[in-house]
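Visitor: All I have is the shape, not the residue letters:
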Ligand code: SF4
């Protein structure tokens, strides 16, 4: 077996520099871990350089070393208040990013690509003049893109994945964002990642050495894993004994995170390189297969009930159908002789080894959940059950319990969640008791807040949005625009008079609306569906010019005349004096509701949107002339006052906002 060690493996310039400064300053405290490697932190403690994460516990006049990945300005302020002697070990590459974001122009907003929970990103964000936007992936940016109407300056975490960086850059360029890009990955990380990728592509197996809580090391591990499936993350040489390299592995590449000390790397290389020691390890694998080992197995035989494997041990291993963990289909349809797979040793007997593939899958799933717990990753699953005290989300083969208090931001009937696909986070994992607890509420609340912010950015008068009808009252409908509701008043529901909102819209209906107004202080959003291009009064001056003969339907009577609908949204009045040449007391004497009539336009007022008609002198419909003195009334329109008990405009809006706030506010605890 050939072993290749990456020339860039191990301490980077920034880490070496920080350790040298800290050692020269001993005894001293560091505010947070100086670097991300527990082994190094323990070594530093022996040299009286102690990590303290609580500002209140730092005594006055203490000597305090600032970590390699920097801190926000307020930490310096607090240390100064405690009269601390500050020794700054911030890596120059990180310091450079602080300077860049400090020098942004007044109208520029900073975008940081990186993990928002990583101390380096928290530090950089603290040096920005305005609150920056932080994205850790292209997905996040696609879900909540930066508003288009701003200028941006984009920087990245020094260890940011360059493949993701390039995808985000292409995304922003394609959408023509006004963004200035400062490429701030550190040279050391870039070389490190590049060399690791090259090694992973050419070797049969990879070892990545470093702290499992180090972002730098995990990125190296993920980069290698995506190119070499036999990639293992170890913290020290002692973990080599848990790994079994098959006989097909001829080349092994080794790289290490930027915080991994040289002596740990050398120990791993020594153990892997010494032929006789490796032979010894191989021999051990023949003679000592222990329960819990994961080994590579090759299928020798498949029957209805079990599979026989060669695992390189003195005897073969067997696996039952249940431990295979596949489907109900016959085993022969699921596995073929010659297939290779990872198997876990459950029991070692004198002449037989019992194996499981199901447990390898479970181990990996638990490892994935542990990573998700550590990195607070958002996962996606399906709600499959509602219990009295919570819900169950199915995630792969795992059932995740979410307590009722963490199931949704609102107090809802948990049964309504069953069947939906949803995002959630893991908040507790007890493998021995097979208990996995999740939190859906905070994820949904965060997503709603992001969605709400994105919707607010679009709320300019005249903007057209698609919304969903959330609830309907006697005088309006509330439309969910995406995290925030707007009010569609009955008078804005169309050019025709709408008397019952329930006849115009239905709950759950998708509807296009136009923003009439938005008040950021009160949060009131007024909407309309009276789109200018559908206004029936467009071109009405020509169609209903004075003297034109028109046809319409009699729709209602008043004491002073009859209303005729000329088209949807345009009613005209025939005053009682113009209904007949004879004297009549009420329109019903000569007309019936629903009757079609021909009439002549005698007045058209575009401003007041009023049209007056007459039935008296239509060609071919002449009646006996009126006798002198028969007509006494003039054509007069009357304002119809608000009747007692009806809502005034102000009452309607106040009531609407109350309903809107109640529907959108946080759930009561
Ligand atoms: S990885 Fe780069 S930025 Fe981080 S400490 Fe090392 S040299 Fe500095």
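Guide: All right, it came through fine. Every value quoted in this text rests on a predicted model; they were computed, and no experiment measured them. Numbering: from 1, shown residues only.
Visitor: In terms of helix, strand or coil, where does residue 111 fall?
Guide: Assigned with DSSP: H, G, I helix; E, B strand; the rest coil, residue 111 falls in the strand class.
Visitor: can you count the residues close to it?
Guide: Using other CB atoms under 10 Å, residue 111 is surrounded by 23 other residues. Every residue, glycine included, has its C-beta placed from N, CA and C.
Visitor: Cross-check the contact I'm expecting between it and residue 131.
Guide: No: using CB atoms under 8 Å, residue 111 is not in contact with residue 131; the gap is 11.4 Å.
Visitor: Could I get the contacting residues of the residue in the chain that the ligand sits nearest to?
Guide: Ranking the residues of the chain by distance to the ligand (CB to the nearest ligand atom) places residue 14 first, at 2.3 Å. Shown in contact with residue 14 (CB atoms under 8 Å, 6 or more residues apart in numbering): 68, 91-94, 186, 188, 258.
Visitor: switch to 10 Å and redo it
Guide: For residue 14, the contacting residues are 35, 68-69, 89-95, 158, 186, 188-189, 258-259, by CB atoms under 10 Å, 6 or more residues apart in numbering.
Visitor: what touches both of residue 111 and residue 131?
Guide: Contacts common to residue 111 and residue 131, judged by CB under 10 Å, 6+ apart, are absent.
Visitor: Under the pLDDT cut-off, which ranges of the chain? List them.
Guide: 242, 274-288, 350, 620-669 (pLDDT under 70).
Visitor: what residues does it put near the ligand?
Guide: 12-15, 68, 91, 93-94, 158-159, 186, 188-189, 216, 258 (CB under 6 Å from any ligand atom).
Visitor: what about burial for these, which qualify?
Guide: Taking 16 or more other CB atoms under 10 Å as the criterion, what is buried in the residues of the chain next to the ligand is 12, 14-15, 68, 91, 93-94, 158-159, 186, 188-189, 216, 258.
Visitor: Switch those residues over to JSON lines; also include secondary structure.
Guide: Putting those into JSON lines (three-state DSSP) gives the following:
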{"residue": "12", "secondary structure": "coil"}
{"residue": "14", "secondary structure": "helix"}
{"residue": "15", "secondary structure": "helix"}
{"residue": "68", "secondary structure": "coil"}
{"residue": "91", "secondary structure": "coil"}
{"residue": "93", "secondary structure": "helix"}
{"residue": "94", "secondary structure": "helix"}
{"residue": "158", "secondary structure": "coil"}
{"residue": "159", "secondary structure": "coil"}
{"residue": "186", "secondary structure": "coil"}
{"residue": "188", "secondary structure": "helix"}
{"residue": "189", "secondary structure": "helix"}
{"residue": "216", "secondary structure": "helix"}
{"residue": "258", "secondary structure": "coil"}
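Visitor: would TSV of those residues with distance to residue 366 be doable?
Guide: Converted to TSV, those look like this (distance: CB to CB, whole Å):
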residue	distance to residue 366
12	32
14	34
15	31
68	32
91	35
93	36
94	34
158	31
159	26
186	34
188	33
189	30
216	24
258	28
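Visitor: for residue 530, helix, strand, or coil?
Guide: Under three-state DSSP, residue 530 comes out as coil.
Visitor: and it, how many neighbours?
Guide: Residues near residue 530, counting by other CB under 10 Å: 15.
Visitor: Let me see the contact set for it.
Guide: If you count contacts by CB under 10 Å, 6+ apart, then residue 530 has 491-496, 514, 516, 569 around it.
Visitor: Buried among those? Make that a ChimeraX selection.
Guide: Applying 16+ other CB under 10 Å to the contacts of residue 530, the buried members can be selected in ChimeraX as follows:
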select :492,493,494,495,514,516,569
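Visitor: Let me know the closest of the contacts of residue 530 to residue 80.
Guide: residue 516 (52.1 Å; CB to CB).
Visitor: Which secondary structure state is assigned to that closest one?
Guide: strand.
Visitor: How much space separates it from residue 569?
Guide: Distance, residue 516 to residue 569, by CB to CB, to the nearest Å: 18 Å.
Visitor: Same check on residue 4?
Guide: 79 Å.
Visitor: same deal with residue 238?
Guide: 82 Å.
Visitor: ditto for residue 380
Guide: Taken as CB to CB, the span from residue 380 to residue 569 is 47 Å.
Visitor: so where do the strands sit in the stretch 201-350 of the chain?
Guide: Under the criterion DSSP state E, counting those that start in this stretch, strands of the stretch 201-350 of the chain are mapped to 205-209, 231-234, 251-256, 294-302, 306-310, 317-320, 340-348.
Visitor: my bad, should have said the stretch 51-200 of the chain
Guide: Counting by DSSP E, counting those that start in this stretch, the strands of the stretch 51-200 of the chain are 63-66, 85-88, 108-113, 133-135, 151-156, 178-181.
Visitor: Serialize those strands to CSV and add fields for distance to residue 594.
Guide: Listed next are the strands of the stretch 51-200 of the chain as CSV, based on distance: least, CB to CB, whole Å:
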stretch, distance to residue 594
strand 63-66, 85
strand 85-88, 88
strand 108-113, 62
strand 133-135, 61
strand 151-156, 63
strand 178-181, 61
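Visitor: And the ones you listed: which comes nearest residue 207?
Guide: strand 151-156 (27.2 Å).
Visitor: how about stretch 452-470: buried residues?
Guide: Buried, per 16+ other CB under 10 Å, within stretch 452-470: 454-456, 459, 465, 467, 469-470.
Visitor: In helices, which of the residues you listed appear?
Guide: Of the positions in these, 454-456 sit in helices, assigned by DSSP state H.
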